[in-house]
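Next come a sequence and a model predicted from it.
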Amino acid sequence: MRPAGRSSQPYWKDVFMRKLVTSFAALVGAALLLAPGFAQPPNGRPPREPGKEKAKDYAKSSIVTRMMAFNKKGDGKLTKDEVTDPRLHRLFDQADTNKDGIVTREELIALAEKLDAEVGADDNPRGPGPGRPGRGPEGFGPPRPGEILPRPLQERLNLSEKQKKQLDALQKEVDSKLAKILTNEQRKQLAEMRGRGGPGGPPPDGPGGPPPGGPGGRPARPGGDRPPE
Amino acid sequence: MKFSDRVLTRRDALRGGLALGALGLFTPDMFARELARTPALTEGPFYPDRLPLDTDNDLIIVNKSITPAVGEVTHLTGQVLDINGSPVKDAVVEIWQVDAKGVYLHSADSGRRQRDTNFQGFGRCTTTDKGEYRFRTIKPVAYPGRTPHIHVKVKKGRRELLTTQFFINGHAQNRNDMVFRQLRDPIDRELVMIDFKPIKESKIGELSARFDIVVGLTPDDSPRERKR
């Protein structure tokens, strides 16, 4: 083990030390990276149980991680004193189902699941709620291109039946004339842009829009569907 | 080559640095902040376009009128704090909300519907040394298509620290509300839901509500209002 005389001994030592230092640093880093993900509940439940995908999801949900972040002792037994943000005490009480003054990871997971179910039950923004047209933040969604008066606005203005009919007729005229002006390509483009609409989505049925079922949807209505003038 | 030179070649330093970086990355999670920031929400279209002459913190009485506003009188109090829990003094808290008929003090809304002229619709309060603010207003009612809510804006000097809305805890309409639903994190939802509690001593059924507001104070936090 002395191929190059005296100096080789410290050289190998150096290499060894170097490797040791860097790999130790890397290990510490990796451990820190992985630690939150592999933190196990105090009862030593294995982190991944087959068929329990959902439980795994909720273990990483915001309620569990953000509430447990207050658990300075790190014993998995969260007390109210530890929750230094009093605005979250209501949530603490909600989680503490057995009312022992201690909130465990399991209780938080259960709460996360429960709250998710409550919200999920109504989580159907696309579905037309009965009597609840899809509205923008303050009652008005953005009007679709060429829309004269969105329906919520019509309601707010208390339009008479006669006025509504007149408006519908005007809307049909606008729609058909707009369709004539735009090329097929442009209509398609418009439809795509509308499809990517943000929260709130497109307004409900535009007043006087074409009957549903026409291919291509509202804005990109093929010329053949044009109502008679 | 000396030992120390070899131990700390650039590559080694890089590796070590990466490992240290990983440590730094997780520090915020390992040492939880004391207070969670109040989430921001849209300003909406009805911040008064013309401010009323009276912009004090009593929205029940306009100027020296003797007729109070219609609605459930609510004493809204709270503190403006930073994420470490330190009070933010001399911040201006502004609130605006619909009157008991659901009409905003805004030409785009009150122009077409009869509003309660005894309700101020908008108010301001400067925080004390303890970061405290106080309003007398009404319990919010629904605006068509919205769940009951109160709009809030917090300013400090010329900077806007936060624009948000808060809601009545447990109100059935919350979960269908387009704005409320933008908060996907249940903890964020919790931070904007407020309890309205009856004041026992009150003979006219007044309510109290507490809304503590936690703001970030770094320059990047100035909210850019989304176009809507």
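Ah, there it is.

and B:Glu136, how far is that from A:Arg144?
One correction, residue B:136 is Arg, not Glu. Noted for B:Arg136: a distance of 43 Å to A:Arg144, by Cβ to Cβ, to the nearest Å. Backbone N, C-alpha and C define where each C-beta goes, glycine included.

which sections of chain A are below the confidence cut-off?
Residue ranges of chain A with pLDDT under 70: A:1-56, A:119-143, A:151-152, A:155-156, A:192-229.

now with 80?
Along chain A, segments meeting pLDDT under 80 span A:1-57, A:117-147, A:150-161, A:185, A:187-229.

Identify the residues contacting the closest residue to B:Val73 other than its chain neighbours.
Once flanking residues are discounted, B:Val73 sits nearest to B:Glu206: 4.6 Å by Cβ to Cβ, 6 or more residues apart in numbering or on different chains. By Cβ atoms under 8 Å, 6 or more residues apart in numbering or on different chains, the contact list for B:Glu206 reads B:72-75, B:198-199.

From those, list the buried ones, please.
B:72-75 (16 or more other Cβ atoms under 10 Å in any protein chain shown).

touching chain A at all, the helix or strand encompassing B:Ile95?
Assigned by DSSP states H and E, B:Ile95 belongs to strand B:92-96. No - among the residues of strand B:92-96, none lie within reach of chain A under Cβ under 8 Å from any Cβ of the partner chain; the closest is 12.1 Å away.

Bridge partners for B:Arg124, pull those for me.
Note on B:Arg124: beta-bridge partners by DSSP bridges are B:Glu94.

check contacts around it.
Going by Cβ under 8 Å, 6+ apart, B:Arg124 touches B:55-57, B:92-94.

what about 10 Å?
Each residue near B:Arg124 by Cβ atoms under 10 Å, 6 or more residues apart in numbering or on different chains is listed here: B:51, B:55-57, B:92-96, B:133, B:135, B:153, B:155.

One more: A:Ser62?
A:112, B:184-188.

okay, these in a markdown table with secondary structure next?
As requested, the contacts of A:Ser62 are exported to a markdown table (DSSP: H, G, I helix; E, B strand; the rest coil):
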| residue | secondary structure |
| --- | --- |
| A:Ala112 | helix |
| B:Arg184 | coil |
| B:Asp185 | coil |
| B:Pro186 | helix |
| B:Ile187 | helix |
| B:Asp188 | helix |
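
Quick check: B:Thr77 vs A:Tyr58, distance?
Look at B:Thr77 and A:Tyr58: by Cβ to Cβ, they are 35 Å apart.

between the two, who's got more neighbours?
Neighbour count, other Cβ atoms under 10 Å in any protein chain shown: between B:Thr77 and A:Tyr58, A:Tyr58 has more, with 19 against 16.

Which secondary structure state is assigned to the more buried one?
Per three-state DSSP, A:Tyr58 ends up helix.

Let me have the contacts of A:Ser62 in TSV, extended by neighbour count.
Shown next, in TSV, are those (neighbours: other Cβ atoms under 10 Å in any protein chain shown):
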residue	neighbour count
A:Ala112	22
B:Arg184	9
B:Asp185	14
B:Pro186	20
B:Ile187	20
B:Asp188	18
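
out of those residues, who's nearest B:Met178?
B:Arg184 (13.3 Å; Cβ to Cβ).

Give me the phi and psi angles of that closest one.
With angles defined as degrees, to the nearest 10, B:Arg184 sits at phi -90, psi -30.

And for B:Ser208?
Torsion angles at B:Ser208 (phi, psi; degrees, to the nearest 10) stand at phi -120, psi 150.
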